[in-house]
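A predicted structure for the sequence below; I have some questions about it.
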Amino acid sequence: MNAVIALCHFCEAHGPCAIFCTQTLRDTKIEDLVNLEQQQQQPGQKTCSACNYTLGRNNSNAIYSKDTESGATFVSTKVATLQEVANLVKQAAVRSLSCEINTNKDGDGGFVFFGDSSRGHILSHTFRVSDLQARGYYQLFSIIVLMKDKYFLLNTKPFLAEHLRKISIELQAGAQRTKAAEELNYSARQRRLSGAQFLMPTPRSLLELTGEEHIFAQLHSHFAWILLAGSRFLTEHITFGNLPWLPPQSSGRPPAQRLTYNSSTLPMIQMYEDDPEQEGFFSLRHIKKVVPKDDFATVCFCALTGVKIIVRGAPERTVLFMMCLKKLLPEPMHNLMRIDAQHQHSISSEYKIISVSNDIAVPIASGSVFRIDFLDKHVNGNDIVSVKWPAELPRKLPDLLVKLLKAVKAVEEKTFTELVLNKQTKVLIEEWKNKVICLNHAKSGSVQAKLKKVLGVQPQDQPIINYWSTHLQ
């Protein structure tokens with residue numbers, strides 16, 4: 001699990017801080033971590049036994065263990081290994097011990113979720129540990145789980161809450177045993193009569209509070225197991241079709257059809273659909289090769305939002321282009337495409353993406369009609385096209401389009417192949433298809449507004465929602 005688990009403590013002398021951080025490292029040499037704590041130690045930093053952890057007689061500054069099956073190394077140090085993560089843990093520790101607290105009178109801690117995309121998302125468990133020598137006769141601790149993936153953290157919250165509570169109960173039980181032993185030598189009446197003179201000037205460490213010499217080794221074992229088991233507790237799968245928690249689609253609507261095509265173009269379509277080796281040529285990158293560079297985002301925007309696209313040219317030159325445009329729509333909407341239309345009335349029908357031959361008259365470009373004309377000229381064997389659309393793109397592009405543009409850019413930078421681009425495109429389209437289906441099942445505007453917030457739908461995504469919701473159920 002890509003997260004950091006930290007034990008935090010509110011020191012009476014130095015304030016809140018993290019004293020023990022466990023995280024997962026891969027492909028990291030343990031030798032590089034030997035002097036980590038000395039390198040990250042700030043000069044002149046005030047510390048005490050309560051602000052640090054100790055391994056008993058062992059003077060090592062880090063604990064590590066390795067899972068042979070996954071190859072992951074779990075490292076526990078006072079400060080997180082990466083400086084950026086260390087700053088996030090420090091901020092989270094302050095909030096978990098000051099303002100983000102949920103405890104009852106008995107000191108049994110609750111759970112608080114807070115954070116954002118820039119500072120990370122945190123699940124905090126704050127609890128009290130008995131200490132007869134501390135102010136109020138207890139010390140305040142918290143265990144925080146910090147990660148960047150908000151939804152993964154929320155989905156694993158029941159699992160994390162169960163085991164973090166077990167750890168806090170174990171620490172509280174150890175402190176209660178120490179408290180009981182101290183009360184035998186020093187009664188409560190003596191403490192009341194003596195006042196504050198018996199309070200220790202320096203807070204005691206967790207090792208002294210629990211009486212367990214290897215308490216931090218035990219914490220490392222607990223935290224490392226949670227990180228390992230958390231990654232296996234919840235796995236993500238790509239869902240195609242109906243979501244499992246939604247009712248099945250009504251049978252009153254006709255099933256999704258394949259592309260609508262002319263019989264003369266069927267052999268070409270079958271050639272591309274049946275040949276697995278042609279899959280790499282169906283990617284969005286082919287569209288970017290055909291249209292001018294500045295018009296690529298415009299073509300994708302029109303296809304995603306329902307602006308009618310008319311592709312004019314010889315069928316042998318437009319079929320591949322249409323097959324690539326098909327990638328921008330979920331499968332139930334493929335029947336909105338018409339390949340090689342033979343009559344002008346097809347243009348005025350409900351088809352949204354149409355290809356026609358050069359001898360068919362087509363309407364002029366307008367705000368609702370996007371035209372792409374394949375010209376007879378060729379440059380170095382590449383098609384030359386004329387793109388016409390008098391409208392302009394909105395200032396903020398839909399989130400789906402932004403992610404598709406980033407994926408295409410990654411292919412150009414050789415980050416991954418065109419086959420991977422196809423898989424990524426399909427995942428993004430299916431993700432937004434499922435979002436639209438969820439919104440369609442919202443019974444009221446208030447429920448839909450809350451659902452949009454949960455799904456991360458922004459105002460700039462509304463054109464896609466409006467177009468897809470009329471064709472998806």
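Right, received. Where do you want to start? Predicted, not measured: the structure shown is a model, and the values here were computed from it.

mind checking how far the residue nearest the centre of the chain is from residue 357?
When CA atoms, centre = their mean is applied to the chain, the residue found nearest the centroid is residue 149 (4.0 Å). Applying CB to CB, to the nearest Å, the value for residue 149 to residue 357 is 50 Å. Every residue, glycine included, has its C-beta placed from N, CA and C.

And residue 6, by the same measure?
66 Å.

Just the buried residues of the top helix by length along the chain, please?
In the chain, with assignment by DSSP state H, the single longest helix is helix 157-185. Neighbour counts over helix 157-185 (16 or more other CB atoms under 10 Å) mark 160, 164, 165, 167, 168, 170, 171, 172, 174, 175, 178, 179 as buried.

now swap in stretch 408-419 and tell me
408, 411, 418.

again with stretch 91-101
Result for stretch 91-101 [16+ other CB under 10 Å]: buried residues 92, 93, 94, 95, 96, 97, 100, 101.

Among these, which ones are in helices?
Per DSSP H, the subset of those in helices is 92, 93, 94, 95, 96.

Pretty sure the first one sits against residue 116.
No. Here residue 92 does not reach residue 116: they are 11.4 Å apart, not a contact under CB atoms under 8 Å.

follow-up on the earlier one: which of the buried residues of stretch 91-101 lies closest to residue 320?
Of all the buried residues of stretch 91-101, residue 92 has the smallest distance to residue 320: 51.5 Å, by CB to CB.

Next one: the closest one from residue 123, what distance?
10 Å.

Which residue ranges of the chain form strands?
With DSSP state E as the criterion, the chain has strands at 4-11, 15-25, 63-66, 73-77, 111-116, 120-130, 138-147, 260-261, 308-312, 337-341, 353-356, 369-379, 382-388.

doesn't residue 383 make contact with residue 374?
Yes. Taking CB under 8 Å as the definition, residue 374 is a contact partner of residue 383 at 5.7 Å.

what touches both of the two?
residue 317 (CB atoms under 8 Å, 6 or more residues apart in numbering).

follow-up on the earlier one: and the strands of the chain: which comes nearest residue 231?
strand 15-25 (8.3 Å).

what lines up beside that closest one in the sheet?
Here strand 15-25 has these sheet partners by DSSP bridges: strand 4-11 (antiparallel), strand 73-77 (antiparallel).

and among the ones you listed, the most buried is which?
strand 4-11 (a mean of 26; mean count of other CB atoms under 10 Å).

Can I get that strand as PDB, trimmed to CA atoms?
Extracted C-alpha coordinates of strand 4-11, given in PDB (Å, rounded to 0.1, in the frame of the first residue of the first chain):
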ATOM      1  CA  VAL A   4       2.900   6.300   5.300                       C
ATOM      2  CA  ILE A   5       1.900   5.200   8.800                       C
ATOM      3  CA  ALA A   6       3.200   7.400  11.600                       C
ATOM      4  CA  LEU A   7       2.900   7.500  15.400                       C
ATOM      5  CA  CYS A   8       2.600  11.000  16.600                       C
ATOM      6  CA  HIS A   9       3.000  12.500  20.100                       C
ATOM      7  CA  PHE A  10       2.100  15.800  21.800                       C
ATOM      8  CA  CYS A  11       5.200  16.700  23.800                       C
END
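
That one: how far from the chain's middle?
Distance of strand 4-11 from the chain centroid (CA atoms, centre = their mean, to the nearest Å) equals 24 Å.

pLDDT of it, averaged?
Strand 4-11 shows a mean pLDDT of 90 in the predicted model.

Next, the angle from it to helix 157-185.
30 degrees (axes from the mean of the first three to the mean of the last three CA atoms, to 10 degrees).

contact partners of strand 4-11?
So strand 4-11 is in contact with 16-23, 48, 50-51, 80, 85, 88-89, 92-93, 96-98, 139-147, 203, 206, 219, 223, 226-227, going by CB under 8 Å, 6+ apart.

Was I right to think residue 94 contacts residue 16?
Yes. Residue 94 lies in contact with residue 16 (CB under 8 Å); the separation is 4.9 Å.

that older thread, need the buried residues of stretch 91-101 in a markdown table (columns: pLDDT and distance to residue 471).
Converted to a markdown table, those look like this (pLDDT from 0 to 100; distance: CB to CB, whole Å):
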| residue | pLDDT | distance to residue 471 |
| --- | --- | --- |
| 92 | 92 | 44 |
| 93 | 91 | 49 |
| 94 | 91 | 50 |
| 95 | 91 | 45 |
| 96 | 90 | 47 |
| 97 | 88 | 52 |
| 100 | 83 | 44 |
| 101 | 83 | 49 |
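
Can you lay out those as TSV showing distance to residue 283?
TSV is the format used below for those (distance: CB to CB, whole Å):
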residue	distance to residue 283
92	41
93	46
94	47
95	44
96	46
97	50
100	45
101	51
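
out of these, which one sits closest to residue 450?
Of all those, residue 100 has the smallest distance to residue 450: 23.0 Å, by CB to CB.

nearest to residue 288, of the strands of the chain?
When these are compared (using CB to CB), the closest one is strand 382-388, at 11.9 Å.

residues near residue 148, how many?
Around residue 148 sit 15 other residues, with neighbours defined as other CB atoms under 10 Å.

can you pull the contacts of it?
2, 117, 120, 121 are the contacts of residue 148 under CB under 8 Å, 6+ apart.

try residue 19
So residue 19 contacts 7, 8, 9, 50, 51, 52, 53, 78, 206 (CB under 8 Å, 6+ apart).

so which of those would you say is closest to residue 310?
Once CB to CB is applied, the member of these that ends up nearest residue 310 is residue 8, at 61.7 Å.

leaving aside the residues next to it on the chain, what's closest to that closest one?
Leaving aside its sequence neighbours, residue 8 sits nearest to residue 93 (CB to CB, 6 or more residues apart in numbering; 4.0 Å).

close enough to count as contact, the one you found and residue 14?
No. Contact between residue 93 and residue 14 fails when scored by CB under 8 Å: they sit 11.9 Å apart.

can you list the weak-confidence ranges in the protein?
The chain contains residues with pLDDT under 70 at 26-47, 49, 53-60, 103-109, 186-202, 233-282, 340-349, 377-382.

which residues touch residue 230?
Contacts of residue 230 (CB under 8 Å, 6+ apart): 1, 3, 156, 159, 160.

out of those, who's nearest residue 309?
residue 156 (42.8 Å).

Give me the phi and psi for the closest one.
phi -90, psi 10 (degrees, to the nearest 10).

Pull the number of nearby residues for it.
22.

I'd like to know how far it sits from residue 88.
Taking CB to CB, one finds residue 156 at 19 Å from residue 88.

For stretch 422-430, list every residue counted as buried.
422, 423, 424, 425, 428, 429, 430.
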